[in-house]
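In: sequence plus the predicted model coming up.
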Amino acid sequence: DTAVSQTPKYLVTQMGNDKSIKCEQNLGHDTMYWYKQDSKKFLKIMFSYNNKELIINETVPNRFSPKSPDKAHLNLHINSLELGDSAVYFCASSQSRSTRTYEQYFGPGTRLTVT
Amino acid sequence: QKEVEQNSGPLSVPEGAIASLNCTYSDRGSQSFFWYRQYSGKSPELIMSIYSNGDKEDGRFTAQLNKASQYVSLLIRDSQPSDSATYLCASSRGSGTYKYIFGTGTRLKVLA
């Protein structure tokens, strides 16, 4: 069974469109994340939810809106897509405790190409 | 100043040798450290985590942490061509914050 899954794996769309990426984890974790990995392979946190509550919201354009319907799911909706949004988006999850950050496990990624 | 720094490489080692990957971090409040391996076109895969000063061994991998020097390293013994990948170092403050700061990664090439 896949621990962290994402759909779709590939997404090709035109500038100005709106698209969503979905993530699901079956590890029983309480925290989920969205990362963006750009063409230079730099991996940067975008958002994080803990028990459905937004706890990390990095400097990301308002066009990006995460939503966590429950602990096992985290979606990312992107409005008015721009060329610079082209990247690989990774979902991750972890079971976090108050005094230590535990390991994050990544999904397979969604390669978004905006033309 | 980058918060987590790694040499981008490539680091080339012959098969069977020890590969040494290094990482420095600037945030003295960092408590947790992680090494991930990422093959081209794939997602980051957790290799090891380390939280205390000293060495932590897992199979062919040894992570080393020196908080005083703000330095983390990963040693890969008996390197294999299948170890060729990009290795990402990450740090986190922990204590209720869940943010990882990743380095830009070191590309390792193990030559057969």
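Out: Arrived safely, thanks for sending.
In: who does the helix-or-strand element of chain A with minimal mean pLDDT touch, helix- and strand-wise?
Out: Lowest mean confidence among the helices and strands of chain A (mean pLDDT, DSSP states H and E): strand A:53-57, at a mean of 87. The contact analysis (3 or more Cβ pairs under 8 Å, 6 or more residues apart in numbering or on different chains; DSSP states H and E) places strand A:53-57 against strand A:43-50. Every residue, glycine included, has its C-beta placed from N, CA and C.
In: try it again with 10 Å
Out: If contacts are counted by 3 or more Cβ pairs under 10 Å, 6 or more residues apart in numbering or on different chains; DSSP states H and E, strand A:53-57 sits against strand A:31-37, strand A:43-50, strand A:64-70.
In: do the longest one and chain B meet?
Out: Right, strand A:43-50. Yes: residues of strand A:43-50 are located near chain B by Cβ under 10 Å from any Cβ of the partner chain, namely A:Leu43, A:Lys44, A:Ile45, A:Ser48, A:Tyr49, A:Asn50.
In: check the last one too.
Out: No: contact of strand A:64-70 with chain B is not found when judged by Cβ under 10 Å from any Cβ; the minimum separation is 13.6 Å.
In: for the most centrally placed residue in chain A, list each beta-bridge partner.
Out: Centroid-nearest residue in chain A: A:Trp34, 2.6 Å away (criterion: Cα atoms, centre = their mean). Judged by DSSP bridges, the bridge partners of A:Trp34 are A:Phe47, A:Cys91.
In: mind listing what it touches?
Out: With contact set as Cβ atoms under 10 Å, 6 or more residues apart in numbering or on different chains, A:Trp34 has these partners: A:21, A:23, A:44-49, A:56, A:58, A:60, A:64, A:66, A:74-76, A:89-92, A:107, A:110.
In: around chain B, pick out the residues from chain A.
Out: Residues of chain A found near chain B (Cβ under 10 Å from any Cβ) are A:4, A:6, A:30-33, A:35, A:37, A:40-45, A:48-50, A:55-56, A:58, A:88, A:90-92, A:94, A:96-109, A:111.
In: one more time with 6 Å, if that's ok
Out: A:31, A:41-43, A:45, A:48, A:56, A:90, A:96, A:98, A:100-101, A:103, A:106, A:108-109 (Cβ under 6 Å from any Cβ of the partner chain).
In: now list the buried members of those residues.
Out: A:31, A:41-43, A:45, A:48, A:56, A:90, A:96, A:101, A:103, A:106, A:108-109 (16 or more other Cβ atoms under 10 Å in any protein chain shown).
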